[in-house]
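> Predicted structure and sequence below. I'll ask about it afterward.
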Amino acid sequence: MPDTKTASLQFLGKQYNLPVRIGTEGEAAFDITRLREQSGVITFDEGYGNTGSCESTVTYIDGEKGILRYRGYPIEQLAEHSHFVETAYLVIYGKLPSPVERAKFSDLLTEHAAIHERMVYLFESYPRDAHPMALLGAMVNALACYYPHLATNTHFGDKDNFDEAAATLISKVRTITAMAYRMSRGLPVIYPRRTLKYCENFLHMMFSDPYDHYECPPVVSRAMNLILLLHADHEQNCSTATVRMVASSGANLFASAASGVCALWGPFHGGANQAVIEMLQAIHADGDDGTRFIAEAKLGKNRLMGFGHRIYKNYDPRAKIIGKACEELLQTLGIKDPLLDIARRLEYVALNDSYFVDRKLYPNVDFYSGIMMRAMNIPVNMFTVLFAIGRMPGWVAHWREVAMSGRPRIYRPRQIYTGSVKRDYVPIEQR
Ligand code: CMC
């Protein structure tokens, strides 16, 4: 019987035996935890494309097959039957809630929806045209100042306050977002309502005014739930890995989540949803049907935003769901968006072009989500903020795994130094 529990590595005449770790879905990893201690040598994997940084029970992805599951449940089933708050519970606590647990979680979110009144002054001190992601990062971090009892820096997590801290973050983040939107436009701030559900309450805080309540069409509420649910977690992506990294130092949940917001902002990651719409708008303004843009992308002059993924070498299952939902939403709302036609054309051309086919570049979650958010009147510079609201449960779940593992270990990668060898200091007059 072949030994599948150990791998061996030979270097300079010595053999090193590496244990093999197997996940519940059969993924195998060489465990190099003791390799440097035994051999003096480290491994090198820039961008971590081949490196498992942790064990996690939250999300499973098979990028070759296009599979995504939260806590074992296929994303397609959750998208069809669940909604954001229930999925948030599942992602954080590892099980589908009972009716009582779900009601309790919803009540906790409702209870923590309003933000500390003095935070208004923080918003006022920022420029009106500040990017909402910059504001979000600052405000999520500031929660540690206003709710210090939920923000203990500890290597062992504060189990007693975890539920409240998680609900505070997930609930207040939408209030912060809506407040940032209204204040940037000089509109009166709208407070959350106890009777509204998570997504309706968010859209109410965005679009109601003191005289008229925004009546959220069911199709919009469903679409918002779907967008947030599809973003709820995605295992060790750039922002989640950042959250885990920060959490590993013992930093509190708010500080760790704020670091996730910063990592998410970039256009290769969550910022891609904003970049996709800007790309589609530019193509539209140029009178191009996408053909010229694709030709330039193949020459490396630009990137087809919303395409490609480090993990998926097949259709991103979220993109399949969101592409269909996007069509349905626009149709129900009676919206004819020329950007959707361009997106469909780009997708068709790319999926039939050997450049994209050979590199296994398929649409990802960001390709169609922006068109949906546009139809819901969400401003383009807030698209990534919505990604962040959706991703909060994932960050909370991963923070919990790190902070409450009971085995605190700071994340600390090594490097191959390629700078100058030792040299002596030269006094300034001799340089
Ligand atoms: N358009 C054109 N060419 C591309 C694209 C693209 N969108 N993505 C990758 N390539 C090419 C790339 O130039 C490279 O070509 P070559 O082998 O000739 O040098 C090859 O495909 C492999 O690309 P890579 O940059 O090594 O792949 P990666 O795994 O490091 O990057 C990515 C993944 C998502 C950063 C990249 O595909 C990309 O920039 N996509 C556009 C941005 C985007 O949509 N990001 C959102 C990702 S999904 C949301 C999330 O989870 O963050």
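Yep, it's here.
> residue contacts, the residue in the chain positioned nearest to the ligand?
Per C-beta to the nearest ligand atom, Gly308 is where the chain lies closest to the ligand, at 2.3 Å. Glycine gets a C-beta too; all of them are placed from N, C-alpha and C. Contact analysis of Gly308 by C-beta atoms under 8 Å, 6 or more residues apart in numbering lists Arg359, Leu361, Tyr362, Asn364.
> how about Phe11, phi and psi?
For Phe11, the backbone dihedrals (degrees, to the nearest 10) come out as phi -150, psi 130.
> Most neighbours among the contacts of Gly308, which one?
Comparing these by number of neighbours (other C-beta atoms under 10 Å), Asn364 comes first, having 24 neighbours.
> Hmm, that residue is touching Asp316, no?
Yes: counting by C-beta atoms under 8 Å, Asn364 touches Asp316, with 4.4 Å between them.
> residues of stretch 393-408 that come out buried?
393-405, 408 (16 or more other C-beta atoms under 10 Å).
> between those, which is nearest Leu169?
Leu169 lies nearest to Val396 out of these, by C-beta to C-beta, at 6.5 Å.
> With adjacent residues omitted, what lies nearest to the closest one?
Ala166 (4.8 Å; C-beta to C-beta, 6 or more residues apart in numbering).
> cool, and Leu333?
Nearest to Leu333 is Ala375, by C-beta to C-beta, 6+ apart, at 5.8 Å.
> How many neighbouring residues does the one you found have?
Neighbour tally, Ala375, other C-beta under 10 Å: 19.
> again with Glu296
Neighbours around Glu296, by other C-beta under 10 Å: 14.
> Is it correct that it falls within a helix?
Yes: according to DSSP: H, G, I helix; E, B strand; the rest coil, the state of Glu296 is that of a helix.
> May I have the phi/psi pair for the residue nearest to it when sequence neighbours are not counted?
Spatial nearest neighbour of Glu296, excluding adjacent residues (C-beta to C-beta, 6+ apart): Asn302 at 5.2 Å. Backbone torsions of Asn302, given as degrees, to the nearest 10, read phi -150, psi 180.
> quick revisit: for the residue of the chain closest to the ligand, grab phi and psi.
Phi and psi for Gly308, reported as degrees, to the nearest 10, are phi 90, psi 150.
> What's the separation between it and Val357?
Using C-beta to C-beta, to the nearest Å, we find Gly308 at a distance of 12 Å from Val357.
> where does Tyr315 land in three-state SS?
Following three-state DSSP, we place Tyr315 in the coil state.
> show me the contacts for it.
Per C-beta under 8 Å, 6+ apart, neighbours of Tyr315: Gly66, Tyr362, Pro363.
> So which of the residues you listed belong to helices?
Cross-referencing the contacts of Tyr315 against helices under DSSP state H gives no overlap.
> got a markdown table for the residues you listed, with pLDDT too?
Below are these laid out as a markdown table (pLDDT from 0 to 100):
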| residue | pLDDT |
| --- | --- |
| Gly66 | 94 |
| Tyr362 | 95 |
| Pro363 | 95 |
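> Looking at these, spot the one nearest Val426.
When the contacts of Tyr315 are ranked by distance to Val426 (C-beta to C-beta), Tyr362 comes first, at 54.4 Å.
> For that closest one, which non-adjacent residue is spatially closest?
That would be Tyr315: by C-beta to C-beta, 6+ apart, it lies 4.7 Å from Tyr362.
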